[in-house]
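Peer 1: Make a model of this:
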Amino acid sequence: MSRIGRMPITVPAGVEVKVEAGNVVTVKGKLGTLSRQLHENMIIKQEGAVIVVERPNDEKENKSLHGLTRTLLNNMVEGVTNGYSKKLEINGVGYRAAKAGKTLTLNLGYSHNITFEEKDGITFDVPDSNTIFVKGIDKQLVGQIAAEIRSKRPPEPYLGKGVKYDYERIRRKAGKTGK
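Peer 2: As a prediction, this is how the structure comes out:
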């Protein structure tokens, strides 16, 4: 039995979960609404403030989907309750971020500025010119946008310049040595 899949999901007060035909799950909370089509083989049961995900049999595909379905459902409940956030740090001389309205502008040493627009419930917070917070209720979308920002100038191993996650450690390399 999947250790993750068999754990029940506790629905906090103020969160409404609806499971419709075809395993379309809609989760509504104080931060917004998320809806997702989960695999039709999984059995999603709601008993009061607890949701349990079960699988019909022990086939390999259903075993794989059991934990995944439970995790996706838990991420939806967590997202509409608390939201998700990723912190990015910018290192480098002249590298900076600025937010004007709903537009995030990055100056990363290229001949042009790179811009990102807030959309799909994703917001940017720039407390200082070297820190960016990507916030939203959809965990997958927050991670995707943060990865796209990081990909514009990934950190390099010699000087450590670039955009990195706050928890990321850059493995530094020694440069050339003279004779």
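Peer 1: what is Leu106 paired to in the beta sheet?
Peer 2: For Leu106, the beta-bridge partners are Ala97, Ile114 (DSSP bridges).
Peer 1: List the buried residues of the biggest strand by length in the chain.
Peer 2: Across the chain, the longest stretch assigned as strand under DSSP state E is strand 84-91. By neighbour count on 16 or more other C-beta atoms under 10 Å, the buried set for strand 84-91 is 84, 86-91. No exception for glycine: its C-beta is placed from N, CA and C like everyone else's.
Peer 1: Make JSON lines from those and add pLDDT to it.
Peer 2: Shown next, in JSON lines, are the buried residues of strand 84-91 (pLDDT from 0 to 100):
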{"residue": "Tyr84", "pLDDT": "96"}
{"residue": "Lys86", "pLDDT": "96"}
{"residue": "Lys87", "pLDDT": "97"}
{"residue": "Leu88", "pLDDT": "96"}
{"residue": "Glu89", "pLDDT": "96"}
{"residue": "Ile90", "pLDDT": "96"}
{"residue": "Asn91", "pLDDT": "94"}
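Peer 1: Now tabulate those residues in JSON lines and tack on distance to Leu104.
Peer 2: Below are the buried residues of strand 84-91 laid out as JSON lines (distance: C-beta to C-beta, whole Å):
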{"residue": "Tyr84", "distance to Leu104": "17"}
{"residue": "Lys86", "distance to Leu104": "13"}
{"residue": "Lys87", "distance to Leu104": "14"}
{"residue": "Leu88", "distance to Leu104": "10"}
{"residue": "Glu89", "distance to Leu104": "15"}
{"residue": "Ile90", "distance to Leu104": "12"}
{"residue": "Asn91", "distance to Leu104": "17"}
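Peer 1: So which of those is the closest to Gly14?
Peer 2: Relative to Gly14, the closest of the buried residues of strand 84-91 is Tyr84; by C-beta to C-beta it sits at 17.9 Å.
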